[in-house]
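Asks: Sequence and computational prediction follow.
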Amino acid sequence: MSEKQRQFLTGAEVVVQACLDAGATQMYGYPITPGTEVLTGWINQVDKLEDKMYLQTEDEIAAGFAICGAVMGGKKAFTATAGPGTTLMQDAMSMADGMRLPFVAIIIQRGGPSSGTVIYSQQEVNLAIHGGNGEGMRLVYSPSNLEEMYELTRLTFNNAWKYRFPSVLLSDGFLMKTRQPVELNFEIENVEPTALVSPEVQKNIRNIYSFEEELRLELENQEKDFNKMAEEVTKSESYKVEDCDELIIAHGIVAGAVKEAIEELESQGKKVGLFRPITLSPFPKDELNKLAKQVKRLFVVESSMGQLRDLVKQNLDSKISIEIDGLYRPAVGIESEEIIKAINK
Amino acid sequence: MAKEAKFCPGCGHPIVLRFLHMILREKELESKAVLGLDIGCSLLAWDFLPVNTFQTHHGRVTSTMVGYKRAQPNSLSFAYTGDGGAYAIGMQSLMWAAIRNEPITVIVVNNSNYAMTGGQQAPTSFKGQITDTSPSGCGDEPVFGPELVRQVNKKAFIARTAVNDPKQVKEYLEKAIEAQQNGNFAMVEFLSYCPLNWKTVGIETNNYLNDNLKMLFPVGEF
Ligand SMILES: Cc1ncc(C[n+]2csc(CCOP(=O)(O)OP(=O)(O)O)c2C)c(N)n1
Ligand code: SF4
C-alpha cells in the first residue's frame, strides 16, 4: 500500500496492524486487561496463516523467554502485556537487556500497584525502562494518538532489530480502546530480522561472566552503543514553545489534554508551551535543556506520582536551576480544565 | 572437540555432555543442534561443546527453547538444566512444554542438590538429606520428575538413567533426539555426580550415587 488510507480503528487494531506491517510473525502472550485485545486481535488476523503464529503461554514469564528464544532464532516475535504482566515480563526482558536481544513488548499500562485498575495509567514508565536488574538501556516509545501509535510500533520493531536493545511501545488502556478515524503512514521500510544463532555459524553465547571486569567492559560497550542509538532515535515534540514563559512536560495521551489547555491559556493571555518526550528512553535530554533555559517554570503533568518528573530531573542539566511543579494524578485521566486550574494556581 | 571442563573433577555434567556430543557427531547433527543452558552448574557448559550454545536464566531454559524451536523448526533444540531449574523454579514451564508436546529435548541433571549455589536443598533432595538449607534433614519427599511429566504427555519419550550406566545414557539420548525429530517432546533425567557438595572422593562418589540416588529414583523408560 503506498498512499494513506482513511480507516476507522481502535488503538488495539492499530497496534495489531502495525505489528503485521512491521513483519512480526510470532506473538507469545498471556491475557491481561487492557493488553488482551492486542493478543486476540493478532490471533484473529493470523489464525489461518501459515507463516505467522501465536502461542498463549502458561504465564508472562514463559511468553517472555519464548520471545528470547524466537528472536535468537531470527523471528520478529513480540508480546503485549500490562500491570502485573509487565512485572513478570522483567525476568525475560533482563535477559534481553544482557544479551542485546531485539525483544519487543507492547506495554499497555493499567493502574497499580498490584492489580489496581484495568483501564488507564502512566505508572509503568519505570518498569518499562528500569524494570530489569541492570542499567535500563531500553528503547521506550510513548505515543499520544493512534496515528503516532502506528508509526511508533513500526519503529519499535525496526529499531529493536537495528540496534538490538529491548524495545517497548508504552501505551494505556484508554488509548487502546479509543476508536478514531486514522490515516496510517505505510511508507516505512522494515528492518529485516536475522538469526543470532543458526546452523551456518557456530556461536557460544553467555550472559554470566566470571570476572567483574568482563561485565564492566561489556556494559561499557553497551552504553556506547546505546548513546549512539540515542543520537539517531531520540524523539520529542515541542508545541507552542516559541517565547513561552512556562513549559508543561507530558507524555502519551496526557499531552492531548495539555494541548487543549494551552489553547485556552493562550486566550487568557498566558504563554505556555508543551514539551513531549516521544522516546522516554533514551530521553530527549538536549531538547529539554534547551527549552528549560528559556522558561521560568517547568510543570509536569502525568497520571503517576512523578515517574516522568523523575526522568526530567535526571536529565536536567545540573547548571540549570529552575522550579519544577506538577499535576500528579496517579492512575486517573487528566482533563484540560484541571491543567488550566493547576497552572493558574 | 570438547574443551577443558570447568566442572569440578568427578562431576557428572561433562559425562552427559560428552555423550550428547558424541551422538550429535555420529549422526552429523552438530550444526543443527542448539543447546540452551539453564542457570546452575549447567551454565558452565556455555563453551564446552562445538555446537551452538547459549545461557538463559534459572528455570527458563525450557521456555526459551520452546521459542527457539518455533522459530527454527528444523533445529534440534535441547534444554539443558539442573533438577532445581526443572522441578522447582521452572516446573510450570516444563509441565506446559510437555502438555503442549513441544518438540524439544529436555535434559535434566539430577544431583539431588542445588550445586551451583553451594549445596542447598533441591526438589530432588531425599527425606533426611542434610543440606545447607535442611540442616536437620530434608523433610519432604523428592519430586519424581519423569513420572510426573508422563502424566501429562502420552506421546513423549520420557526416561531416567544414571551417569554410571554409559550404555543406557547413550540409548536414551538417542531416543530423546529421535522423539524430537518425530515432532514430540522428550525428557531424560540423569542421576549425576556432585562430589563437591556430596563431600565425597573417588569411589565414594559412585557409591553415593548407587546407594542413595539409584536406590530412590527408578531408572528406565516411563
Ligand atoms: C531467578 C533466580 N533465582 C535464583 C538464582 C540462583 N541460583 C543459581 S543456580 C541455582 C540452583 C541450581 O540448582 P540446579 O538447577 O539443581 O542445578 P545444579 O547447579 O545443581 O546443576 C540457584 C538457586 C538465579 N540465578 N536466578
Ligand atoms: S558443584 Fe557439583 S554439579 Fe557443580 S560442577 Fe561441581 S561437582 Fe559438578
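Replies: Sure, I can see it. Ligands and ions are numbered 1, 2, ... in the order given.

Asks: who does the helix or strand containing B:Pro146 touch, helix- and strand-wise?
Replies: Of the helices and strands defined by DSSP states H and E, B:Pro146 is found in helix B:145-150. When contacts are defined as 3 or more CB pairs under 8 Å, 6 or more residues apart in numbering or on different chains; DSSP states H and E, helix B:145-150 packs onto helix B:91-99, strand B:157-162, strand B:186-191. For the C-beta atoms, the positions are set from N, CA and C on the backbone; glycine is no exception.

Asks: Arrange these in JSON lines, one row each, with mean pLDDT, mean neighbour count and distance to ligand 2 as further columns.
Replies: Listed next are the helices and strands packed on helix B:145-150 as JSON lines, based on pLDDT from 0 to 100; neighbours: other CB atoms under 10 Å in any protein chain shown; distance: least, CB to the nearest ligand atom, whole Å:
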{"stretch": "helix B:91-99", "mean pLDDT": "98", "mean neighbour count": "22", "distance to ligand 2": "19"}
{"stretch": "strand B:157-162", "mean pLDDT": "98", "mean neighbour count": "24", "distance to ligand 2": "14"}
{"stretch": "strand B:186-191", "mean pLDDT": "98", "mean neighbour count": "27", "distance to ligand 2": "11"}
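
Asks: Relative to chain A, which of those is closest?
Replies: Proximity to chain A, assessed across those by CB to the nearest CB, is greatest for helix B:91-99 (4.1 Å).

Asks: roughly how far out does the longest helix along chain B sit from the chain middle?
Replies: The residue-count maximum for a helix in chain B (DSSP state H) belongs to helix B:166-181. For helix B:166-181, the separation from the chain centroid amounts to 13 Å (computed by CA atoms, centre = their mean, to the nearest Å).

Asks: Let me see the residues that make contact with that helix.
Replies: Helix B:166-181 has contacts (CB atoms under 8 Å, 6 or more residues apart in numbering or on different chains) with B:15-16, B:19-20, B:22-23, B:27, B:29, B:76-77, B:103-105, B:107, B:156-157, B:159, B:161-163, B:185-188, B:190, B:219, B:221.

Asks: List the buried residues for it?
Replies: For helix B:166-181, burial by neighbour count (16 or more other CB atoms under 10 Å in any protein chain shown) applies to B:Gln168, B:Val169, B:Lys170, B:Tyr172, B:Leu173, B:Lys175, B:Ala176, B:Ile177, B:Ala179, B:Gln180.

Asks: closest to A:Thr234 among the residues you listed?
Replies: B:Gln180 (44.9 Å; CB to CB).

Asks: Look up how far A:Ala292 lies from the closest one.
Replies: Distance of B:Gln180 to A:Ala292, computed by CB to CB, to the nearest Å: 59 Å.

Asks: Likewise for A:Thr40?
Replies: Relative to A:Ala292, and taking CB to CB, A:Thr40 is found at 43 Å.

Asks: Comparing the two, which residue is more hemmed in?
Replies: Legend: neighbour count by other CB atoms under 10 Å in any protein chain shown for A:Thr40 and A:Ala292, higher for A:Ala292 (21 against 16).

Asks: residue contacts, the closest residue to B:Gly12 other than its chain neighbours?
Replies: Excluding the flanking residues, the one nearest B:Gly12 by CB to CB, 6 or more residues apart in numbering or on different chains is B:Ser192, at 3.0 Å. Contacts here follow CB under 8 Å, 6+ apart; on that basis B:Ser192 touches B:Cys11, B:Gly12, B:His13, B:Ile15, B:Val16, B:Val109, B:Asn110, B:Asn111, B:Ala162, B:Val163, B:Leu209.

Asks: try 6 Å this time
Replies: By CB atoms under 6 Å, 6 or more residues apart in numbering or on different chains, B:Ser192 lies in contact with B:Gly12, B:Val109, B:Asn111, B:Val163.

Asks: Looks like B:Ala156 contacts B:Asn184 (just checking).
Replies: Yes: under the criterion of CB atoms under 6 Å, B:Ala156 is in contact with B:Asn184, at a separation of 5.5 Å.

Asks: Show me which of the two is the more surrounded one.
Replies: Between B:Ala156 and B:Asn184, counting by other CB under 10 Å, B:Ala156 is the more crowded of the two (25 against 18).

Asks: now the closest residue to the more buried one other than its chain neighbours: how far from B:Pro146?
Replies: Spatially, and ignoring its direct neighbours in sequence, B:Ala156 is nearest to B:Phe185 (4.1 Å; CB to CB, 6+ apart). Taking CB to CB as the measure, B:Phe185 falls 12 Å from B:Pro146.

Asks: now do A:Glu214
Replies: Applying CB to CB, the value for A:Glu214 to B:Pro146 is 38 Å.

Asks: need the residues of chain B near ligand 2, please.
Replies: Contact residues, chain B versus ligand 2 (CB under 6 Å from any ligand atom): B:Phe7, B:Cys8, B:Cys11, B:His13, B:Cys41, B:Asn111, B:Ala115, B:Cys194, B:Pro195, B:Leu196, B:Asn197.

Asks: if I pick the fifth one, what's in contact with it?
Replies: Taking CB under 6 Å, 6+ apart as the definition of contact, the neighbours of B:Cys41 are B:His13, B:Ala115, B:Met116.

Asks: got the phi/psi numbers for it?
Replies: Taking degrees, to the nearest 10, you get phi -60, psi -20 for the backbone angles of B:Cys41.

Asks: what helix or strand does the residue of chain B positioned farthest from its centre sit in?
Replies: Distance from the centre of chain B peaks at B:Ser136, with 27.5 Å (CA atoms, centre = their mean). Assigned by DSSP H and E, B:Ser136 falls within no helix or strand.
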